[in-house]
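S.K.: The following block contains a protein sequence and its predicted model.
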Amino acid sequence: MIPTEVLIEILSGYELRIMGIHGIAHWGRVLENGSRLAAKTGADTKVITLFAVFHDARRIREGTDPDHGKRGAELASRLRSSLDLTDPQFERLEHACIHHADGKTEGDPTVQTCWDADRLDLWRVGITPRAPMLCTEAARDPDLREWTRTRSIHGHLPDCSSEWLRALSKRPVPARVTLQVKRLLHRFRNQVRPTGPKSDA
Ligand SMILES: [Fe+2]
Ligand SMILES: [Fe+2]
């Protein structure tokens, strides 16, 4: 569960379109990919949940943006008192955010699961997350890959993303954010669910 205050802070300073390729639907898919992977890798789902919303939160462009992971980690650090994490959990979150786009594959299982959760949503930008790019055996499972592929290429808006949007729609947020939240909620209500194996997460 992410505190609404944290979501408001993240989205108030998000410079790109909330429904863009690195926006709230991507964050939700990363969270749900990570939850599925965690059932196999034993990763810390609290860290994965926060990684999902922080890792791309301070991008300033949709294309190449080398320091965006570091900026996401700095935002998490600024909001740390609202995150309810132990020191080791926060260190994993910080490390996962800073290095998520560096192509690394070695690390703590929770960090590896964060990176795989993100990479399994690369289908949306025409990149196939091939086995050498992935950190864990769980991410190479053909059924899981197909589930992530279908959702990614269709721009699926996960239930967790819509819950964040509903929470935001009840709170005072900047006008720029409000309009985008309303549009996304409308899109979610009309969403056609992709086919594929059902989530057990
Ligand atoms: Fe990123
Ligand atoms: Fe990402």
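M.R.: Structure received. Ligands and ions are numbered 1, 2, ... in the order given.
S.K.: Can you find the helix or strand in the chain with the smallest mean pLDDT?
M.R.: Here the helix or strand of the chain ranked lowest by mean pLDDT, DSSP states H and E is helix 175-189, holding a mean of 74.
S.K.: Count residues in the vicinity of the closest residue to Arg59 other than its chain neighbours, would you?
M.R.: Nearest residue to Arg59, sequence neighbours excluded (C-beta to C-beta, 6 or more residues apart in numbering): His68, at 4.4 Å. To be clear about C-beta, it is placed using only N, CA and C from the backbone, and glycine gets the same treatment. His68: 21 surrounding residues under other C-beta atoms under 10 Å.
S.K.: residues in contact with His68?
M.R.: Listed by C-beta atoms under 8 Å, 6 or more residues apart in numbering, the contact set of His68 reads 56, 58-60, 101.
S.K.: Quick check on those: which are buried?
M.R.: The neighbour count (16 or more other C-beta atoms under 10 Å) marks 56, 58-59, 101 as buried among those.
S.K.: Those: which two are farthest apart?
M.R.: Spatially, the most separated pair among the buried ones among the contacts of His68 is Arg58 and Ala101, at 12.6 Å (C-beta to C-beta).
S.K.: tell me which parts of this structure are close to ligand 1?
M.R.: With C-beta under 5 Å from the ion as the criterion, the chain meets ligand 1 at residues 56, 101.
S.K.: make it 8 Å
M.R.: Residues of the chain found near ligand 1 (C-beta under 8 Å from the ion) are 22, 55-56, 59, 65, 68-69, 72, 100-101, 118.
S.K.: biggest separation within these, which pair?
M.R.: Top of the distance list for the residues of the chain next to ligand 1 (C-beta to C-beta): Asp65 and Asp118, 14.1 Å.
S.K.: Restricted to strands, list the residues of the chain next to ligand 1.
M.R.: Among the residues of the chain next to ligand 1, no residue falls in strands (DSSP state E).
S.K.: Need those residues in CSV (columns: distance to Val173 and pLDDT).
M.R.: Shown next, in CSV, are the residues of the chain next to ligand 1 (distance: C-beta to C-beta, whole Å; pLDDT from 0 to 100):
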residue, distance to Val173, pLDDT
His22, 19, 96
His55, 21, 98
Asp56, 19, 98
Arg59, 19, 97
Asp65, 24, 95
His68, 22, 97
Gly69, 25, 98
Gly72, 20, 98
His100, 26, 98
Ala101, 28, 96
Asp118, 25, 98
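S.K.: what's the burial count for Cys114?
M.R.: 34.
S.K.: no wait, Arg176
M.R.: By other C-beta under 10 Å, 12 other residues sit near Arg176.
S.K.: Okay, it and Arg17: tell me how far apart.
M.R.: The gap separating Arg176 from Arg17 is 10 Å, by C-beta to C-beta, to the nearest Å.
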